[in-house]
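Engineer: just coords:
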């Protein structure tokens, strides 16, 4: 599984989105081989190219992919844990019932 957060340096909403996913993955013991978190900086040429490929028009934009297929997306907002937790159910312990 791959989580891509598109944003810019200095964007507080972008930082919050990355931190939220870092905290979630750490809290539930999901390592990078199971779910890779990437920040794509839209202030760079490479970031703009990647953003164009994903049709990013608002930041932060968050894309979750599984086996190369997009399974969830949020544009211009920080997703709530409740909105993305279900996509990680196969990776979290069975008794993982709460996420802040």
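Structural biologist: Structure received. Computed from a predicted model, the values in this text were never measured in an experiment.

Engineer: can we go C-alpha only for contacts and neighbour counts from here?
Structural biologist: OK.

Engineer: give the contact list for residue 56.
Structural biologist: If a contact means CA atoms under 8 Å, 6 or more residues apart in numbering, then residue 56 has 6, 75 as its contacts.

Engineer: Please confirm that it is located within a helix.
Structural biologist: No: counting by DSSP: H, G, I helix; E, B strand; the rest coil, residue 56 falls outside a helix, being coil.

Engineer: any idea how far it is from residue 87?
Structural biologist: Between residue 56 and residue 87 the computed distance is 21 Å (CA to CA, to the nearest Å).

Engineer: what pairs with the residue nearest to the spatial centre of the chain across the strands?
Structural biologist: Of all residues in the chain, the one closest to the mean position by CA atoms, centre = their mean is residue 3, 3.9 Å from it. For residue 3, the beta-bridge partners are residue 37, residue 64 (DSSP bridges).

Engineer: Helix, strand or coil: sort out the nearest residue to residue 17 once chain neighbours are set aside for me.
Structural biologist: Using CA to CA, 6 or more residues apart in numbering and skipping residues adjacent in sequence, the residue nearest residue 17 is residue 78, 5.4 Å away. Here residue 78 is coil, with the state taken from three-state DSSP.
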